[in-house]
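J.: here is the input, now give the coordinates:
(4 chains)
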Number of protein chains: 2
Amino acid sequence: MSTTPVLKPDLLQGPLEVMIFRTLERRPSHGYAIARAIEAASGGELAIEEGSLYPALHRLEKRGDIVGEWSQTEQKRRAKVYRLTPKGRKKLIEQTSAWQRLVGAVSKVIGPSGGGDGELAGDHA
Amino acid sequence: MSTTPVLKPDLLQGPLEVMIFRTLERRPSHGYAIARAIEAASGGELAIEEGSLYPALHRLEKRGDIVGEWSQTEQKRRAKVYRLTPKGRKKLIEQTSAWQRLVGAVSKVIGPSGGGDGELAGDHA
DNA sequence: ATGCTCACCTAGATTGTCGAGGTATCCATG
DNA sequence: CATGGATACCTCGACAATCTAGGTGAGCAT
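T.: Numbers count the residues shown, from 1 in each chain, chains lettered A, B, ... in the order given. Coordinates of the predicted model:
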């Protein structure tokens, strides 16, 4: 473990996937609901574009990280409900940690003076 | 409230630029030195690829955020030393805050504790 | 029936990273 | 002197992911 030297998967393969994973971990949902959930959870700071969301969903499904099933909403509209597969659950953990590592690394570079959170131990370099 | 509605610049236009800005704010440097500085500042967690760095530098120079001047290193090798312009300084501030806003928003979505545990009970929307 | 929200989808343009290759200089080593 | 490593720059082509901007259609209220 901890063989991981550097982190550099495109310098980010997008936090969108992590947020989708996390949202689906809480509860299986259809695309539209995922978008609203993320927007709400972020306190209205994030806007999820459908043109990014649906391709991402299809991508993840093709990879086997999530599975979708056609179903119906309470309002009787058809909707494709996605849920996490075991594989996706693993990805959630991996990508969450990758994201946090990235954030930590970037924070070190742009300096502790930013933001006001995250930096716990005084860094010594 | 603040007019700032949502944040959605590609959901990330790359922290690379911010890190370059921040590095140059500390001291004007040439490309190679910037890469090493970022790698060092991140504690060796980030690897800056030249294929990303140089295009980024040219991009930023063309935008007027930085200016480069051919010069010489102590070891007598030619090097193009870049420094921040006033415009770039402004961008540094803007992008730093955008990055931190994004990080904050994503954190809210994936949860404060990140990956590993989850609180399932007790919450009902 | 008109229009709004829900709920899905895609194509095309754009952007940015990465991998891999190339040039050239300085210096230490053999 | 030749070789090779580190410094220092550059560019091209492939690839991935987003956004814009369109489109379909069903349910519900007016």
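J.: and whichever strand or helix holds A:F21, what does it pack onto?
T.: Per DSSP states H and E: A:F21 is located in helix A:15-26. Under the contact definition 3 or more C-beta pairs under 8 Å, 6 or more residues apart in numbering or on different chains; DSSP states H and E, helix A:15-26 sits against helix A:31-41, helix A:50-63, strand A:66-72, strand A:78-84, helix A:86-110, helix B:86-110. For every residue, glycine as well, the C-beta is placed using N, CA and C.
J.: nearest residue to the most centrally placed residue in chain A other than its sequence neighbours?
T.: The structure's chain A has its C-alpha centroid closest to A:V18; by C-alpha atoms, centre = their mean the separation is 1.5 Å. Nearest non-adjacent residue to A:V18, counting by C-beta to C-beta, 6 or more residues apart in numbering or on different chains: A:Q95, 4.7 Å away.
J.: mean pLDDT added to the helices and strands packed on helix A:15-26, as a markdown table?
T.: Formatted as a markdown table, the helices and strands packed on helix A:15-26 follow (pLDDT from 0 to 100):
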| stretch | mean pLDDT |
| --- | --- |
| helix A:31-41 | 97 |
| helix A:50-63 | 97 |
| strand A:66-72 | 97 |
| strand A:78-84 | 98 |
| helix A:86-110 | 95 |
| helix B:86-110 | 95 |
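J.: using CSV, lay out the ones you listed together with distance to B:I38 and mean neighbour count.
T.: Listed next are these as CSV, based on distance: least, C-beta to C-beta, whole Å; neighbours: other C-beta atoms under 10 Å in any protein chain shown:
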stretch, distance to B:I38, mean neighbour count
helix A:31-41, 30, 18
helix A:50-63, 28, 14
strand A:66-72, 34, 14
strand A:78-84, 35, 17
helix A:86-110, 6, 19
helix B:86-110, 14, 19
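J.: near DNA strand C, which residues of chain A?
T.: Proximity of chain A to DNA strand C, by C-beta under 7 Å from any atom of the strand, involves residues A:8-11, A:30-33, A:50-51, A:54-55, A:57-58, A:73, A:75, A:77-81.
J.: I figured A:L92 hits A:M19, correct?
T.: No - when contacts are counted by C-beta atoms under 8 Å, A:L92 is not listed as touching A:M19 (10.2 Å).
J.: backbone dihedrals for A:E74, both of them.
T.: phi -60, psi -30 (degrees, to the nearest 10).
J.: please apply the same query to A:I48.
T.: phi -100, psi 120.
J.: give me the nearest residue to it, chain neighbours excluded.
T.: That would be A:A35: by C-beta to C-beta, 6+ apart, it lies 4.2 Å from A:I48.
J.: report the contact partners of the one you found.
T.: A:I48, A:E50, A:L53 (C-beta atoms under 8 Å, 6 or more residues apart in numbering or on different chains).
J.: now with 10 Å?
T.: Contacts for A:A35 were tallied using C-beta atoms under 10 Å, 6 or more residues apart in numbering or on different chains; they are A:I20, A:T23, A:S29, A:L46, A:A47, A:I48, A:E49, A:E50, A:S52, A:L53, A:Y54.
J.: hmm, A:I48 is touching A:G14, no?
T.: No - counting by C-beta atoms under 10 Å, A:I48 does not reach A:G14; the two are 11.7 Å apart.
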